[in-house]
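the amino acid sequence is not available; the structure is as follows:
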């Protein structure tokens, strides 16, 4: 059945126009990415929809320092982009190639996935670990903020539009891995964990870790990041880190999985990702 | 508001409400081959191709795909001139109740447009959004392989 | 054996081309002019009475014609279980009632010009509930002092409603205690199964309208058109003759569409408004408010002697039928009658079941009908016993299974809610099924080997199964066949094809008998005005009952053709003919006539008459198909995740009429069974409200979840079946739960006695070990 609360559709030609509309509607207008959040949540307070198809934001471009992903790029477009295929030796692509289903990989967009962080929080978890930068447009200018800041800021979505996400180009000393738990192959993730490490001769110079699960917003695991710094990758660190993650990560407790099990899983995932890095970068 | 689509090759204009769902619009206008069920994008019975990419029409806003080319299973072939994917599904036990079939055929067709010789995993991945309770999927996967072969042999997208 | 032209052939499903090209063949694919729409309001409380209900505002909403509640609808107690009359299910349900018995019970229905108006109006209905204490744990149901769920005086046919006992079964053959005492090996265990539903992708949907005589036509997605007609007549208190039920193509049923869910309300709205009315359930309503598989707790005690022969089996079941008792008795009966005869060497068998009401969703018919629950437990305990005796799973089963020529006292003792029918097995390939399945899975290379890859360990497990073919001396189906002048035949029968291919195999049977091609048979089915009676599609009866009726009618038509041929060809003996390639041929003279010539003659030339015959089928037997399943899994010892790697399902369904369709029945049932084993379950909050009432959170298998499935069909000949066939539809859903559970034990030596085998539970058991 149609969304009965929607009274207006807008198809602005410019981002400034789009920002003006959402500001005028004071929280009662929604930007349509792929439309999945809007059609499934059926939020009756939303009175207007703003489509950005005339503006584009479907690009994936790169320069020396970063990859820029338009917020309207679909997950499948992201996965199938040659630029992303090569990114971090294909580990990023591999991590999300099989999330959700073909129909929804076509529909859900990078921007939409980040804005809601659900139901497909794999994208958010991955980008957080990759320390992605979000480019917001406030009506006049672009504002760059890290994804952490973006989430901390309460998202500011009634005033700004998410335009692009930027992924830093990491050198060969960086390694990325991600693990996810689902009940069936196409399920929403009940727990995911992503780790980006900078290694120097087998020593962890820097670490970036994010984890999320359905309905608990993805977040960075900063304690874990500090814990890893200076440690040597290998079986011992992996085993230690298993316990550390299990004992320190906050996880959701719901009818799908207990928080104890999620903690245990997170530990296992952390160990597996670290073991996957063993022997590389030495 | 007005939207224009090319549905199965034919230009169509509709006057829609701004919150219209594509599935409802299609069925209300007689495209009964598009089935509906979950309204959350999880079952795939409502699959249509939008510019040759498969989408769940139950979570697609009609206004958002203005000017798109929309293909339903009827756009592939009819009872007198079925497309190879339709033929293979009919012939090789891939159809039981048939409710999920239009969606599966469209997902398979979209895959074969991109990849004329997909492997088993590619087929499984392309059809993973089309839930079927009758078949257990094996015969459908086989049918897609057979259709791929028919299309490769026939050339021109399988149309004779 | 005779050489067949249409039997054992992969005839293309007769409706396949329509389905692949998207023809409007399902219930909801028509839109009638001025059609009204129904939306239902459901109880938010598990146990309550409606103290006040105010529908005025809703009735005043633009486009609303009426709001139906208990106040303005007929109060006729009945059962929604679409079973033969008199139903073995208790009469405990009303179209609408003042009492609410589960979250999802019907409160009211809005009839409006559009779905949207109906939905808006629903929000305007004001209800004041008197909330009662709910019974959510089936263990509590029978305790003293627990609220009585069915406290209305009209309830009929329930065993002991004052103790929330919908039904009860107690059967003992031999002296169970004595035989257990004598057994050298005894295993005792309790296994629990969960609430699931088979979620046909097409939801329940009904469209009703008045025909030119003012009768109600109900176009509905059902498995039981004739039972729909009878029950709607009962509930609306109108004569059966005023109702016509038509089943178009159905988008899957699996048992949930054996139940009268929307038809009564839809028909009532048409009766009151005179207009076409449509009702369709959402996926949430499907899961919450239609019918589910009875969750059971099954306690088994099985004893075997030194020789490895089973002496005694005791099976005690606590079955939760939810808020209403539809199919409660018969499903539990089936748990015993479709499993215990497998092990017919037992000298003593005890079968007890308590079927209790709770304030949870309503259970009902679901493919397998009690057998999946029973096998989930039985085949695990048999495995435990096989280990304990040291004989091993394959040999232990070979020693103990039923064989051709043998019987089991269970057949007679335990029928569908009453005494059953004695029968001897006339076809059974169990040994070959075990051997071929074992070979395909690589049993001897893999069993007990615990093949390890990092944290992951492989295991193999198996299960042995049977089912039935229809309910003996209960299920009846009839068919009419008439001949046309082009040598084609109309087959009109009540058989109810839900997508299984029944219409196709029936046309193959008729074609074989009449010496024509399946395409020469025009099938028209499941229309209560036009086709003869049939109980419908359930209990694996489609081919065995409806197909047999078609066969008998075809044989009668054949005799009529021979009669005419005798006359026209001047022969003496009307038996000495054959039908082949569309011709009737005299075996004596070799002379022949085409069927078209025969038909032209009878319709236009002399001794004019319509060649037409009807026949009915009711069976004194219910020959079991047999199956042996093997699963290979990989279990991750760190996460508890079970990944099915390969699944072998070997089945003896007699003569497979259409092997490709049989394969589809096998693989489809296996995929549903795998969901039952691993991922599917209803989760409730503390008030009995389902938390995962959608397909995002109720997890069924997709293409990417399926292991490699290898169906093996071992052909036998069942003398009582049409062309030697037995049923194939249900049996294979029984295997995955025990086969996976046994594979888990083989891999890492644990059993999770509570289905589904989720990673969290598996890991917990690993840690407890």
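Alright, I've got the coordinates. Just so you know, these numbers come straight off a predicted model, no measurement behind them. Numbering: from 1, shown residues only, chains lettered A, B, ... in the order given.

next helix or strand past the longest helix belonging to chain C?
In chain C, taking DSSP state H as the definition, the longest helix is helix C:548-569. Next in sequence after helix C:548-569, counting helices and strands by DSSP states H and E, comes strand C:577-580.

tell me the strands beside that following strand, with direction?
With DSSP bridges as the test, strand C:577-580 is paired with strand C:583-586 (antiparallel).

what is the neighbour count of the nearest residue to residue A:257 once chain neighbours are set aside?
Counting by CB to CB, 6 or more residues apart in numbering or on different chains, the nearest residue to residue A:257 once its immediate chain neighbours are dropped is residue A:190, at 5.2 Å. Heads up, the C-betas are built off the backbone N, CA and C, glycines and all. Using other CB atoms under 10 Å in any protein chain shown, residue A:190 has 23 other residues around it.

residue 95: what secondary structure?
You didn't pick a chain, so chain A it is. Classification of residue A:95 by DSSP: H, G, I helix; E, B strand; the rest coil places it in helix.

contacts only, for the closest residue to it other than its chain neighbours.
Nearest residue to residue A:95 in three dimensions, chain neighbours excluded: residue A:178, at 3.8 Å (CB to CB, 6+ apart). By CB atoms under 8 Å, 6 or more residues apart in numbering or on different chains, the residues touching residue A:178 are A:91, A:95, A:96, A:122, A:125, A:126, A:129, A:192, A:193, A:194, A:195, A:273.

downstream neighbour of the helix or strand containing residue A:178 in the secondary structure list?
Here residue A:178, judged by DSSP H and E, is contained in strand A:174-181. The C-terminal neighbour of strand A:174-181 among helices and strands, as given by DSSP H and E, is strand A:191-200.

buried set for that following strand?
Neighbour-count burial for strand A:191-200 flags A:191, A:192, A:193, A:194, A:195, A:196, A:197, A:198, A:199 (criterion: 16 or more other CB atoms under 10 Å in any protein chain shown).

may I see the residues you listed organised as TSV, with pLDDT and distance to chain C added?
Converted to TSV, the buried residues of strand A:191-200 look like this (pLDDT from 0 to 100; distance: CB to the nearest CB, whole Å):
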residue	pLDDT	distance to chain C
A:191	94	10
A:192	95	13
A:193	96	12
A:194	97	17
A:195	98	17
A:196	97	22
A:197	97	21
A:198	96	26
A:199	95	22
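
sorry, back to before: per-residue confidence at the residue nearest to residue A:95?
Looking at residue A:178, its pLDDT reads 97.

all the strands of chain A, residue numbers only.
Per DSSP state E, chain A carries strands over the ranges A:8-10, A:29-32, A:48-51, A:60-62, A:66-70, A:133-137, A:142-146, A:161-168, A:174-181, A:191-200, A:203-213, A:216-220.

now do the stretch 351-500 of chain C
C:452-453, C:456-466, C:476-483, C:489-493 (DSSP state E, counting those that start in this stretch).

how far does the second one sit from its chain's centre?
In other words, strand C:456-466. Distance of strand C:456-466 from its chain centroid, counting by CA atoms, centre = their mean, to the nearest Å, is 24 Å.

parallel or antiparallel, list what pairs with that strand.
Here strand C:456-466 has these sheet partners by DSSP bridges: strand C:452-453 (antiparallel), strand C:626-636 (antiparallel).

nearest to residue C:78, out of the ones you listed?
strand C:626-636 (36.1 Å; CB to CB).

returning to that earlier point: which single one of the buried residues of strand A:191-200 is nearest to chain B?
Using CB to the nearest CB, residue A:192 comes nearest to chain B of those, at 18.5 Å.

give me the nearest residue to that closest one, chain neighbours excluded.
Excluding its sequence neighbours, the residue lying closest to residue A:192 (CB to CB, 6+ apart) is residue A:180, at 4.2 Å.

what's the neighbour count on that neighbour?
For residue A:180, the neighbour count with other CB under 10 Å is 24.

hmm, residue A:126 and it touching each other?
No - counting by CB atoms under 8 Å, residue A:180 stays clear of residue A:126, with 9.7 Å between them.

overlap in contacts of those two?
Common contact partners of residue A:180 and residue A:126 (CB under 8 Å, 6+ apart): residue A:95.

I'd like to know how far residue C:483 sits from residue C:613.
Separation of residue C:483 from residue C:613 (CB to CB, to the nearest Å): 9 Å.

how about residue C:143?
On the measure of CB to CB, residue C:143 and residue C:613 end up 58 Å apart.

give me the pLDDT for residue 109.
Picked chain A for this. 94.

the chain in question should be chain B.
98.

residues near residue C:575, how many?
Residue C:575: 9 neighbours (other CB under 10 Å).

and residue A:58, by the same measure?
Residues lying near residue A:58 (other CB under 10 Å) number 15.

ramachandran coordinates for it?
phi -110, psi 20 (degrees, to the nearest 10).

what sits against it?
Contact analysis of residue A:58 by CB under 8 Å, 6+ apart lists A:70, A:72, A:73, A:77.

adjacent strands (with direction) for the lengthiest strand in chain C?
What stands out as the longest strand in chain C, according to DSSP E, is strand C:310-322. With DSSP bridges as the test, strand C:310-322 is paired with strand C:296-304 (antiparallel), strand C:348-357 (parallel).
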